[in-house]
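*Asks:* Mind looking at a prediction? Sequence and model below.
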Amino acid sequence: MAYEKELQVGIEASLSAAKLCQAVRGNIPDRIEKQDRSPVTIADFGSQAIICRALAEAFPNDPVVGEEDATALRSSEMSEQLAQVTEYVKQEIPNVSTEDVTQWIDHGNGEPSQRFWTLDPIDGTKGFLRGDQYAIALALIEEGEVKVGILACPALSLDLAPPLNEEGLLFVAVRGEGTKVRSLKTDEFTAIRVASPDDEEHLRFVESVEVAHGDQSQQSAIAQQAGIKSPSLRMDSQAKYGAVASGAAALYLRLPSPKQPDYRENIWDHAAGVIVAEEAGGRASDMYGKPLDFSVGAKLFQNRGVVVSNGSLHEAVLAALNK
């Protein structure tokens, strides 16, 4: 199997990070003030530290382009938060210091190169805080193409056959080898495929919960023009990619908000999900049908919007957008 070591290291690190995130979320008060992001910041930092440490040890020459850095954590005002992050990391990796933790976090400050990893230690911050969906998203990119993708979704369950109906799912994909899923509670993987064109029950689309993440009115109109009559399934994080890859939905739309017409997506918000969907038989592009280009930096500078489908719907969606 290609990329066997990369996949194994990524899986183990992502599972360890998922355990840390669940431990942090278990300590978030039921009524958390919206401006108080300290619990999720602790989970972000801890998750990135664990995964970057594993990648640095196994693949020392591979840069990691991650979402977080430890600059703020090193300030005197954040000493308590740094101590908390370190304590959570110690539950997974004993005998570590605060300096170890900050160094591991900053290993994620790399630049895209011919071969690099990209990491979102918690994708779906607001979902994490409110007790809904979030994902730990890790991907390996070589020469601009995603080669390995790992999505750990600790709160996700889907209305499909086991293991997809169990809470807590791990999606993995290797280029050319398909997509597999397993419960976070077991070691056995199951191959998955996107929804077939005649699966009317799952002919629905997913979009972000947050209104600011896209143009929801346009997304609804485009989905209807492509033949989808059901209301959208709103979901935080790259768990949406898992829903398309597994056949629980046939389309994911993220179209630019009128308030941010020049916005470009971060690569860590999509890389792992793209290969998970594509290797399950789906298709991913921007709103003009161009493949998502992960070779030009930390953002998808060459693309606008994101369209992910079961494949059979894709041209109808692009045609509707072209109008």
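*Replies:* All right, it came through fine.
*Asks:* Check which helix or strand the nearest residue in space to residue 10 that is not next to it in sequence maps to.
*Replies:* Leaving aside its chain neighbours, residue 10 sits nearest to residue 150 (4.7 Å; criterion: Cβ to Cβ, 6 or more residues apart in numbering). Any C-beta I mention is one placed from the backbone N, CA and C, and that applies to glycine too. If you go by DSSP states H and E, residue 150 is part of strand 145-153.
*Asks:* If you count neighbours, what's buried in that strand?
*Replies:* 146-153 (16 or more other Cβ atoms under 10 Å).
*Asks:* contacting residues for the nearest residue to residue 58 once chain neighbours are set aside?
*Replies:* In this structure, residue 58 finds its nearest non-sequential neighbour in residue 9, 4.5 Å apart by Cβ to Cβ, 6+ apart. Contacts for residue 9 (Cβ atoms under 8 Å, 6 or more residues apart in numbering) come out as 54-55, 58-59.
*Asks:* Which pair in the residues you listed has the greatest spatial separation?
*Replies:* Farthest-apart pair in these is 54 and 59; separation 9.1 Å (Cβ to Cβ).
*Asks:* just the helices in this protein please.
*Replies:* Counting by DSSP state H, residue ranges of the helices within the chain are 4-25, 38-58, 79-90, 98-106, 125-130, 216-225, 239-246, 271-278, 314-322.
*Asks:* Can you list the helices and strands that the last one packs against?
*Replies:* What that stands for is helix 314-322. Identification of packing neighbours for helix 314-322 by 3 or more Cβ pairs under 8 Å, 6 or more residues apart in numbering; DSSP states H and E yields helix 216-225, strand 283-285, strand 306-309.
*Asks:* Check the second one too.
*Replies:* Counting contacts by 3+ Cβ pairs under 8 Å, 6+ apart, helix 38-58 packs against helix 4-25, strand 64-66, helix 79-90, helix 98-106, strand 115-123, helix 125-130, strand 135-142.
*Asks:* deepest of the ones you listed, which one?
*Replies:* strand 135-142 (a mean of 28; mean count of other Cβ atoms under 10 Å).
*Asks:* Tell me what angle that one forms with helix 271-278.
*Replies:* Interaxial angle of strand 135-142 relative to helix 271-278 (axes from the mean of the first three to the mean of the last three Cα atoms, to 10 degrees): 80 degrees.
*Asks:* Check which strands are paired with strand 135-142 and give the direction for each one.
*Replies:* strand 115-123 (antiparallel), strand 145-153 (antiparallel) (DSSP bridges).
*Asks:* Tabulate those (JSON lines), appending distance to residue 85.
*Replies:* Output for the strands paired with strand 135-142, formatted as JSON lines (distance: least, Cβ to Cβ, whole Å):
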{"stretch": "strand 115-123", "distance to residue 85": "11"}
{"stretch": "strand 145-153", "distance to residue 85": "19"}
